[in-house]
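> sequence first, then the predicted structure:
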Amino acid sequence: MIASVPLVAGVLLLGWRPQPTVPVDERAYVATTVAVGGGERAAALQLYAAGQFPGACERFSRAAADNPKSPVWRQDVARCFEAWGRDVLRQNRPEEALLLFRQGLKALPDDPALLKAAGIAAIHGGRPTEALEPLERATATEDDVEVRLLLARLYDQRDQTDLALAHLTALLAREPGHAAARRLLEKIERERRVEAAFQRETTEHFVVKHRAAGGEAVRPVVQALERAWERVGDQLDYHPTERVTIVLYEGVQFHDVTRVHGWVTGLYDGKIRLPLGTGLPSGAALDQLVVHEYAHAAIHELSRGRTPRWLQEGLAQYLEGVRVDPLLRGPGGLTLGGLEALIGDPDPARARVGYDIALWVTEDLVTRGGLASVRTVLMRLGNGDSIAAAMTQVYGMRLAELESQWRNLLGG
Ligand SMILES: [Zn+2]
């Protein structure tokens, strides 16, 4: 089971508004200062306005080097590299964009717009840890609501709750009605109340949080987690770069914190959450459950949070070893869009059908190209491909063709 809590990829939409190739305000800025320079500057300005960033930034940089005391030229260099970096980031090349933003920061080291952009590029590039420093420096110069929310989410995912709360408090002091910030604050406080008496234990690949009294019950779960790390790692040929956090609740705590239906046995929302005690199976069933939730974590990281839910659930079930009922028949007019809606249906019976069909589609993909092909789809999604583009690249046919084949095979 995967919760629909917005993770980092969702946050990016907040932090990144699409802009025209040369943002109007930046063009206006250059125009007002154009009188300062000579012909060199006019040439640079022309290139900049035409979106010819490499040539423009090179000329601005040269002029700045000739006038090291002039703050105006440094502004030019910074804005030029910022616009170039944004352009490159829109083309889904976050690593290159990060280098360009850093180039701009050499001219203006404390520029909040460049620091924010560098942080977002680092997140896009799948390196959230590297986003913290520039984003923190950006808020130190300019109190930006979006940057604070981004930082709060990053710290919450890293389990650094105090830092997350500090940013949320500052944000809400400025904008008390900010709904997303309120929701995150409530979630963190709910978890904090329950987890106040928890202890933290670090194993080779996991951070495990649980009540001190629950020590004996925790051991088999930790062992199952390490087995899942090996097994899913072999199957997907991938291991997360950082330790995955798992929180083990007792009794009703699990449902208090996660706010999920009674029939849900485990959850992944950036952290794996499982109920201890009677809520938890033993033996092979425990292994299956733990593999399923750990698979969500690995899939999430491998695709940088960009896997659609049907593929998350289809692949998590496949990796835990569930196989499809050969008698399964799908609803008429199956498309991946329809499947995504079905799996998120609030009616448990309909959602269950969605899970079964998601598994069926995943099995079909594995039959076509092995698990390695599904892994390639995940990596392509992580690099910014749409699901349709990733499918066409990996399976050599348009998504509509695939969907039509599935409809024929599944009946209706
Ligand atoms: Zn799941």
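Yep, that arrived. Numbering: from 1, shown residues only.
> so what's residue 276 bridging to?
residue 250 (DSSP bridges).
> ok, now how distant is it from residue 133?
Here the criterion is Cβ to Cβ, to the nearest Å. By it, residue 276 lies 37 Å from residue 133. Any C-beta I mention is one placed from the backbone N, CA and C, and that applies to glycine too.
> residue 156 now?
For residue 156, the distance to residue 133 - Cβ to Cβ - is 18 Å.
> quick one, what contacts residue 186?
Counting by Cβ atoms under 8 Å, 6 or more residues apart in numbering, residue 186 makes contact with nothing.
> kindly report the same for the one 4 residues further on.
For residue 190, the contact set (Cβ under 8 Å, 6+ apart) comprises 256-257.
> list the buried ones in the host helix or strand of it?
In this assignment (DSSP states H and E), residue 190 forms part of helix 179-195. Buried positions in helix 179-195, judged by neighbour count with 16 or more other Cβ atoms under 10 Å: 180-181, 184-185, 187-188, 191, 194-195.
> and residue 156 and residue 133? Which one has more around it.
Neighbour count, other Cβ atoms under 10 Å: between residue 156 and residue 133, residue 156 has more, with 22 against 13.
> whichever strand or helix holds that one packs against which elements?
Per DSSP H and E: residue 156 is located in helix 145-157. On a contact count with 3 or more Cβ pairs under 8 Å, 6 or more residues apart in numbering; DSSP states H and E, helix 145-157 meets helix 8-15, helix 112-124, helix 128-141, helix 161-174, helix 179-195.
> got the ones you listed as CSV, with mean pLDDT and distance to residue 246 columns?
Below are the helices and strands packed on helix 145-157 laid out as CSV (pLDDT from 0 to 100; distance: least, Cβ to Cβ, whole Å):
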stretch, mean pLDDT, distance to residue 246
helix 8-15, 35, 19
helix 112-124, 94, 23
helix 128-141, 94, 19
helix 161-174, 96, 16
helix 179-195, 93, 12
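> give me whichever of these is most buried.
Each of these was scored by mean neighbour count; the highest is helix 112-124, a mean of 25, by mean count of other Cβ atoms under 10 Å.
> and the chain, which residues reach the ion?
Residues of the chain lying close to the ion (Cβ under 5 Å from the ion) are 1-2, 313, 316.
> look up phi and psi at the nearest residue to residue 55 once chain neighbours are set aside.
Among residues not flanking residue 55 along the chain, residue 47 sits closest, at 4.5 Å (Cβ to Cβ, 6 or more residues apart in numbering). Per-residue torsions, residue 47: phi -60, psi -40 (degrees, to the nearest 10).
> could you pull out the strands for the chain?
For the chain, strands defined by DSSP state E occupy the ranges 198-202, 206-211, 244-250, 267-268, 272-276.
> and the longest one, what's its mean pLDDT?
Spelled out, it's strand 244-250. Mean pLDDT, computed over strand 244-250, is 91.
> so where is this structure shaky, pLDDT-wise?
Scanning the chain for pLDDT under 70 picks out 4-38, 214, 261-263, 412.
> what's the angle between the helix holding residue 156 and helix 161-174?
Computed with axes from the mean of the first three to the mean of the last three Cα atoms, to 10 degrees, the direction of helix 145-157 lies at 160 degrees from that of helix 161-174.
> any chance you could list what contacts helix 145-157?
Taking Cβ under 8 Å, 6+ apart as the rule, helix 145-157 contacts 6-8, 11, 14-15, 116, 119-120, 123, 128, 131-132, 135-136, 138-139, 161, 163-165, 167-168, 170-171, 174-175, 178, 180-181, 184, 187-188, 270-271.
> identify the residue nearest residue 240 in space, chain neighbours excluded?
Using Cβ to Cβ, 6+ apart, the nearest residue to residue 240 is residue 301, at 4.6 Å.
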